[in-house]
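Participant: Dropping the sequence and predicted coords here.
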Amino acid sequence: MSARDLSAPVNGSGVQAPSIPQSLLPKDGRFGSGPSKVRDDQVAAIAGAGRSVLGTSHRQLPVRSLVARVRAGMSDLFSLPDGYEVVLGNGGSTAFWDVATTCLVRERAQHLVLGAFSDKFAKATAAAPFLAPPDVRRSDPFSAPAPGAEPGVDAYAWPHNETSTGVVVPVVRPPGVDDGALVLVDATSAAGGVAVDVSQTDAYYFAPQKSFGSDGGLWLALLSPAAVARAEELQPGRWVPGSLDLLAALAESRREQTVNTPAVATLLMLAEQVEWMLDRGGLAWAAARSAESASRLYEWAEASQYARPAVRDRSLRSPVVGTIDLDPSVDAAAVRTVLRANGVVDVEPYRGLGGNQLRVGMFPAVDPHDVSALTACVDHVVAALS
């Protein structure tokens, strides 16, 4: 087959990017770590909703039924333990860090910081004037610290998957912690693509623009009865901005709605994706699909003469976000430019880390065969640029 007739300057040098043969290209070239690939059926669902949902009141039955679909789907997908509830709010995971700071941390938090996003939650509790300085446990990029019981800590927080580095951290309630301490796990890039026992957490929270192929601006939290009790304990004695009021979000979620107007298209794409996963075997199926993609990526990198996984510890390698270091002799930025010119997009490293690297989103919507095609494209481009 002929090569795709596309070209672009490589790193502004004026040198034209080589074309990649059509036979090597993935069927879908979207490998972003968020926003991630949106399936065509999700887009069709938005168009199909037409006048029945889009542009109608979020307080009326059509949109409330959509919220109910999301909540029921999440409950099934994660096999929620008795008493746990699915709560929705506007603002994304960034907003939920502030919700947790004001409504779930009583006096002091412990944070595992292993990248840019876990650091942001630690900074939120550190800045809160009504909390003691947090116990922050840091590691170098592409590795992870471990949680541990600490006197006076009443909330233990870490990411299930650190999106910036591609490190996955076990979700297990730390042994020996004080009775009543909460476990708060940021699952934004893990939820729906990595197996989890939600009973090990009190708040497993995430935004839907990763495994769920939706848009940002919404947060979802799977809350334990202990988390709800903590909010009921703390909120009456604290000033909590209305947009961060966890109890209000809980009350409205129980009514199948959100406190403020939601992005209805986001809810539609989310509902479609959850049901797509459930129809194929639920979380076990979705996690296995991402794991298959990750196996193909890491095995290619380990066998390569110029690439290797950035996360050296195999047990910490993420199945949903793969980071690959390229040898200094290979210009990763030039490789990414050529890939983008040929329709293979969003494999840039996290902007705060940089590095001579590729970062590959492997959420359940991504076909494992497309990950194999991506690696073949990278090999082709590296050879062409040599």
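Facilitator: That came through, no problem.

Participant: now for the lengthiest helix in the chain, which elements pack on it?
Facilitator: Criterion DSSP state H: the longest helix present in the chain is helix 282-303. Applying 3 or more C-beta pairs under 8 Å, 6 or more residues apart in numbering; DSSP states H and E, we find helix 282-303 packed against helix 61-77, helix 264-279, strand 307-309, strand 321-326, helix 368-385. The C-beta positions use only the backbone N, C-alpha and C, and glycine is treated the same way.

Participant: Let me see the ranges of the strands in the chain.
Facilitator: 85-90, 109-113, 135-138, 155-159, 161-162, 167-168, 182-186, 203-206, 218-223, 307-309, 321-326, 357-361 (DSSP state E).

Participant: Would you format those strands as TSV with mean pLDDT and distance to residue 294 included?
Facilitator: TSV is the format used below for the strands of the chain (pLDDT from 0 to 100; distance: least, C-beta to C-beta, whole Å):
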stretch	mean pLDDT	distance to residue 294
strand 85-90	98	27
strand 109-113	98	22
strand 135-138	98	25
strand 155-159	98	17
strand 161-162	96	11
strand 167-168	98	10
strand 182-186	98	20
strand 203-206	98	19
strand 218-223	98	24
strand 307-309	98	10
strand 321-326	98	6
strand 357-361	98	9
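
Participant: of all these, which lies closest to residue 334?
Facilitator: Closest to residue 334 of the strands of the chain is strand 321-326 (C-beta to C-beta; 10.2 Å).

Participant: ok, and the closest non-adjacent residue to residue 185?
Facilitator: residue 201 (4.7 Å; C-beta to C-beta, 6 or more residues apart in numbering).

Participant: Likewise for residue 195?
Facilitator: Counting by C-beta to C-beta, 6+ apart, the residue nearest residue 195 is residue 287, at 4.5 Å.

Participant: One more: residue 95?
Facilitator: Here the residue nearest residue 95, using C-beta to C-beta, 6+ apart, is residue 219, at 5.8 Å.

Participant: Quick check, that neighbour in contact with residue 90.
Facilitator: Yes: between residue 219 and residue 90 there is a contact under C-beta atoms under 8 Å: 7.5 Å.

Participant: what's the nearest residue to residue 233 once chain neighbours are set aside in contact with, if anything?
Facilitator: Taking C-beta to C-beta, 6+ apart, and ignoring the residues beside it in sequence, residue 233 has residue 106 as its nearest neighbour in space, at 7.5 Å. When contacts are counted by C-beta atoms under 8 Å, 6 or more residues apart in numbering, residue 106 touches 154-155, 230, 233-234.

Participant: okay, those residues in CSV with neighbour count and distance to residue 161 next?
Facilitator: Listed next are the contacts of residue 106 as CSV, based on neighbours: other C-beta atoms under 10 Å; distance: C-beta to C-beta, whole Å:
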residue, neighbour count, distance to residue 161
154, 20, 24
155, 26, 20
230, 25, 25
233, 13, 30
234, 19, 28
